[in-house]
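Chemist: Sequence plus the predicted model coming up.
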Amino acid sequence: MSEESSGGRPRTLTGKTVLDGFNQIDKPVATAGLLADVVNAPKRTVLRRLRELEEKGQVERWKVGSRAVVWWPTEQS
């Protein structure tokens, strides 16, 4: 199955869109909230895509505070 449809509701936000969002940010890392603003999608959806991308090795994350997490694309992305 493609990333666009995994048997449930069609995805309106793809992992590629989230990865492209990193290119619109002038920093080496981003929060899910910032990416959500950039790609105009709910933060919760962006977090799901980021977790999927992390499982594929396309992004990494670092917990920088009690609740703060930053994400960045890997070299292979």
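Modeler: Right, received. Where do you want to start?

Chemist: Please make it C-alpha for all contacts and neighbour counts, starting now.
Modeler: Fine.

Chemist: All the strands of this protein, residue numbers only.
Modeler: Ranges of strands in the chain, per DSSP state E, are 59-63, 69-73.

Chemist: Please work out which of the ones you listed is packed deepest.
Modeler: strand 69-73 (a mean of 19; mean count of other CA atoms under 10 Å).

Chemist: what's the distance between the residue nearest the centre of the chain and residue 24?
Modeler: Closest residue to the average C-alpha location of the chain: residue 50 at 3.3 Å, with CA atoms, centre = their mean. From residue 50 over to residue 24 the distance is 16 Å, taken as CA to CA, to the nearest Å.

Chemist: next one: residue 60
Modeler: Distance from residue 60 to residue 24, by CA to CA: 18 Å.

Chemist: With residue 68 instead?
Modeler: 21 Å.

Chemist: Also residue 41?
Modeler: Residue 41 is 15 Å from residue 24, by CA to CA.

Chemist: Give me the more crowded residue out of those two.
Modeler: Neighbour count, other CA atoms under 10 Å: between residue 41 and residue 24, residue 41 has more, with 15 against 11.

Chemist: residues in contact with that one?
Modeler: residue 13 (CA atoms under 8 Å, 6 or more residues apart in numbering).

Chemist: rerun at 6 Å
Modeler: Counting by CA atoms under 6 Å, 6 or more residues apart in numbering, residue 41 touches no other residue.

Chemist: partners of the closest residue to residue 61 other than its chain neighbours in the sheet?
Modeler: Leaving aside its sequence neighbours, residue 61 sits nearest to residue 71 (CA to CA, 6 or more residues apart in numbering; 4.4 Å). Taking DSSP bridges as the rule, residue 71 bridges to residue 30, residue 61.

Chemist: so residue 71 makes contact with residue 29?
Modeler: Yes: between residue 71 and residue 29 there is a contact under CA atoms under 6 Å: 5.4 Å.

Chemist: Quick check: neighbours shared by these two?
Modeler: In terms of CA under 6 Å, 6+ apart, residue 71 and residue 29 are not both contacted by any residue.

Chemist: can you tell which of the strands of the chain is closest to residue 35?
Modeler: Within the strands of the chain, the stretch nearest residue 35 is strand 69-73; the backing value is 9.5 Å (CA to CA).

Chemist: If anything else comes up later, I'll come back, but that's it for now.
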